[in-house]
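A.B. asks: Following is a predicted model, sequence given first.
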Amino acid sequence: MHIPAVFTEENFDNIIEFISINPLATLVAQTKDGIEACHIPLFWHNDHAKFNADFGSDFASDESHGYLYGHFGRKNPIYQNTLPNGSWLIIFQDSGQYISPNWYPSKAKTHKVVPTWNYQSVHIQSKIELIEDSDTLKWILATMTAQQEVISDNPWSLNDAPAAYIDAMCRGIIGFRLPIDSIQAQFKLSQNKTVEDITGIINGLEQVENNSAAVMAVKVANQNNG
């Protein structure tokens, strides 16, 4: 992924937080039938990870940076047909937000501005490890469910369903974990703009009156508050 230096995110804690907020990942792999992609929610678990909060150039593949966990339906061809020992690309991304040049005060002075799109994206490369152990598979399902059920006052859990039903459902899936071999993260949040134009962007986003624009306004403000 091409990342201009000004948009590079190297804080591991910030990246993991972004993944937890945007868990639906795009998994890409080379299979015997060509390049395949699928969309699967994942969660990160440290598994005794060793890392610096700012990994930067110190990120090394011989250190553990934790794992991403998820599961496939057994009929999913992406894992059935993946080439042996092939690398996987895992992409996490928010929906982003269009940024209008009309929001820049500098437009009135120079007119040397163009539209752009603010967004955040994380790319991770890995080699997949399949999991068929029933207890570990149920742990994956229970952990993912618990993380997502925080939205509920009465969260659902695997124990709410009959054990035999959960066992039957588990027979139709296979778990996996993805060791984090390398990370690239781009948080493009108007860091390359002047203070005046950043203020204009925030004001413009706040007047769009939809949720994604409101969220982006907060992100731009937080990113550039220093």
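C.D. replies: Ah, there it is.
A.B. asks: By residue count, what's the longest strand in this structure?
C.D. replies: strand 116-126 (DSSP state E).
A.B. asks: Which is the succeeding secondary structure element to it?
C.D. replies: strand 129-131 (DSSP states H and E).
A.B. asks: buried set for that following strand?
C.D. replies: By neighbour count on 16 or more other C-beta atoms under 10 Å, the buried set for strand 129-131 is residue 131. Yep, even glycine has a C-beta here, placed from its N, CA and C like the rest.
A.B. asks: Please apply the same query to stretch 183-192.
C.D. replies: Residues of stretch 183-192 classed as buried: 183-191 (neighbour count, 16+ other C-beta under 10 Å).
A.B. asks: So for the longest strand of the chain, mean pLDDT?
C.D. replies: In this model, strand 116-126 has an average pLDDT of 97.
A.B. asks: Can you give the distance from it to the centre of its chain?
C.D. replies: What separates the centre of strand 116-126 from the centre of its chain is 8 Å, taken as C-alpha atoms, centre = their mean, to the nearest Å.
A.B. asks: Give the pairing partners of it; include direction for each.
C.D. replies: The pairing partners recorded for strand 116-126 under DSSP bridges are strand 88-93 (antiparallel), strand 97-99 (antiparallel), strand 182-188 (antiparallel).
A.B. asks: Quick one: closest of those to residue 9.
C.D. replies: Nearest to residue 9 among the strands paired with strand 116-126 is strand 182-188; the distance by C-beta to C-beta comes to 4.0 Å.
A.B. asks: gap between the closest one and the chain center?
C.D. replies: Relative to its parent chain, strand 182-188 has a centroid offset of 10 Å by C-alpha atoms, centre = their mean.
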